[in-house]
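> how would this look folded up:
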Amino acid sequence: MTGPTHYHQRIQRATERLAQLQARNLLANHRQTAKMKNEKKRAEIRRRGEIADIVFATGAHMLSDEDLTQALQDFMERQHHVTH
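Predicted structure coming up:
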């Protein structure tokens, strides 16, 4: 045989284009996933800062860690009983 036919060459080019498109899509999906994970992490950091601000604004920062923890656990337990 003299070499690949015109149709074989077209199939090869189409296959290469498909592989490139799939690779681009895969990279785009990875970037989107990383972006969403980063946004979630930033939101959690922001929320932790807001909670710390609330603790200081209410004067609860003067409590010991144990007392503050217990007060929050007691509150959450009361909330659980109210909602269930």
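> contacts, neighbours, all on C-alpha from now
Fine.
> gap between stretch 36-54 and the chain center?
In terms of Cα atoms, centre = their mean, to the nearest Å, the centre of stretch 36-54 is found 12 Å from the chain centre.
> could we number from 20 for the rest of this?
Understood, numbering begins at 20; the last thing we discussed is stretch 55-73.
> tell me the mean pLDDT for it?
Averaging pLDDT along stretch 55-73 gives 98.
> Residue 96: helix or strand, and which one exactly?
Using DSSP states H and E, residue 96 sits in helix 84-102.
> ok and the longest helix belonging to the chain relative to helix 84-102, angle-wise?
Secondary structure of the chain per DSSP state H: the longest helix is helix 25-76. Interaxial angle, helix 25-76 versus helix 84-102 (axes from the mean of the first three to the mean of the last three Cα atoms, to 10 degrees): 110 degrees.
> helices or strands up against helix 25-76?
The contact analysis (3 or more Cα pairs under 8 Å, 6 or more residues apart in numbering; DSSP states H and E) places helix 25-76 against no helix or strand.
> Can you list the neighbours in contact with the helix holding residue 96?
Defining contact as Cα atoms under 8 Å, 6 or more residues apart in numbering, one finds that helix 84-102 is touched by 79-80.
> Kindly provide the distance from residue 70 to residue 79.
Distance, residue 70 to residue 79, using Cα to Cα, to the nearest Å: 11 Å.
> next one: residue 28
Going from residue 28 to residue 79 by Cα to Cα gives 74 Å.
> who has more neighbours, these two?
Set residue 28 next to residue 79 and count neighbours by other Cα atoms under 10 Å: residue 79 wins out with 15 against 12.
> For the more buried one, list the residues it contacts.
Residue 79 makes contacts with residue 87, as judged by Cα under 8 Å, 6+ apart.
> Mind pulling up the pLDDT for it?
With respect to pLDDT, residue 79 scores 96.
> Residue 103 now?
76.
> for residue 22, helix, strand, or coil?
In three-state terms, and counting by DSSP: H, G, I helix; E, B strand; the rest coil, residue 22 is coil.
> what separates the residue nearest the centre of the chain from residue 92, distance-wise?
Against the mean C-alpha coordinate of the chain, by Cα atoms, centre = their mean, the closest residue is residue 56 at 2.3 Å. Here the criterion is Cα to Cα. By it, residue 56 lies 29 Å from residue 92.
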